[in-house]
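K.L.:
how does the following fold in three dimensions:
(chains A, B and C)
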Amino acid sequence: MEKKEVKPRFKKGLWKPEEDLILKKYVETHGEGNWATVSEKSGLMRGGKSCRLRWKNYLRPNIKRGTMSDEEKDLIIRLHKLLGNRWSLIAGRLPGRTDNEVKNYWNTHLNKKSSRSKTKTDTMKDEKRRQSPNSKPLSSGSLENTSGEFDGKKEEEKTQLTNPWIEETKSFNCDIRSPVLFPANDAPFFYDDDPFIPIWDSFMLFEEYGSSGEGTYSPQGMQPVLP
DNA sequence: AACGCTATCAACCGCTCTCGC
DNA sequence: AGCGAGAGCGGTTGATAGCGT
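P.N.:
Predicted coordinates:
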């Protein structure tokens, strides 16, 4: 029999400190990117994806470890309400936190907390959902319905973001797609009875401090992240 | 002390998107 | 326009630490 071409077998499992060191040194000298070649060039027997993940989630400078502050918890809850399971977007609003960390935190701490505050009937509905193969995380409220839609194809997602979402944000003279969510044209920010507003309000409040210019403000324990 | 259960979180997997050719 | 490679994202899994009995 002819020898089959054996694909390089990448190492799996937890990263050792020496592996971290190798990857860190490699990225510091060669820069990010080309993850597929990192394993062969650095000598790490890890897949490109694995290297990328390790760098992004743990080795990158300015990564914030440790327990979430109350502000961060609050923000995650609010942003999740606003954005759904779009962890990278949520993490982008939390200086030093990664999408994986936010996702884990939500799944272990906050998701549980929110479900605990649900009614008995809601909990029963949850059980049924869990039993169905296509079960999705429970969502409550009109915005949450939107978040459920996010789980679908990106095309649908785009549609969702376009309509009615973005239109709604535009009505505040804001555009959700903008990285900085300030009212356009220095327009005054109006409140009304919409339940969306309180969420948006605190979101805006964070934006005002959290991403002002150099990102130097750190409300109560929030670490500033320099570019 | 030993065992079982639960909670937590690092890492993997599969899919989609983006970009260059 | 179509294709392939690389990058990114979200869901899920698995190891293990912690706790209760």
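K.L.:
got any ranges where chain A has weak pLDDT?
P.N.:
Residues of chain A meeting the criterion pLDDT under 70: A:1-9, A:111-227.
K.L.:
kindly report the domain assignment for it.
P.N.:
As given by automatic domain parsing, the domain ranges for chain A are A:17-59, A:70-213.
K.L.:
how close does A:L75 sit to DNA strand B?
P.N.:
Using C-beta to the nearest atom of the strand, to the nearest Å, A:L75 is found at 17 Å from DNA strand B. C-beta coordinates here come from the backbone N, C-alpha and C atoms, glycine included.
K.L.:
check A:S88 too.
P.N.:
A:S88 sits at a distance of 12 Å from DNA strand B (criterion: C-beta to the nearest atom of the strand).
K.L.:
same check on A:P95?
P.N.:
With the distance defined as C-beta to the nearest atom of the strand, A:P95 ends up 17 Å from DNA strand B.
K.L.:
that residue: neighbouring residues, count only.
P.N.:
Summarising burial for A:P95: neighbours were counted as other C-beta atoms under 10 Å, giving 19.
K.L.:
mind saving the C-alpha coords of the helix or strand harbouring A:Y26 as PDB?
P.N.:
In this structure, A:Y26 sits in helix A:17-30 according to DSSP states H and E. As requested, C-alpha coordinates have been extracted for helix A:17-30 and formatted as PDB (Å, rounded to 0.1, in the frame of the first residue of the first chain):
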ATOM      1  CA  PRO A  17       3.200  28.300  29.700                       C
ATOM      2  CA  GLU A  18       6.100  27.600  27.400                       C
ATOM      3  CA  GLU A  19       3.800  27.400  24.400                       C
ATOM      4  CA  ASP A  20       2.300  30.700  25.400                       C
ATOM      5  CA  LEU A  21       5.800  32.100  25.600                       C
ATOM      6  CA  ILE A  22       6.700  30.800  22.100                       C
ATOM      7  CA  LEU A  23       3.500  32.200  20.600                       C
ATOM      8  CA  LYS A  24       3.800  35.500  22.300                       C
ATOM      9  CA  LYS A  25       7.400  36.000  21.200                       C
ATOM     10  CA  TYR A  26       6.400  34.900  17.700                       C
ATOM     11  CA  VAL A  27       3.600  37.400  17.400                       C
ATOM     12  CA  GLU A  28       5.600  40.200  18.900                       C
ATOM     13  CA  THR A  29       8.300  39.700  16.300                       C
ATOM     14  CA  HIS A  30       6.200  38.800  13.300                       C
END
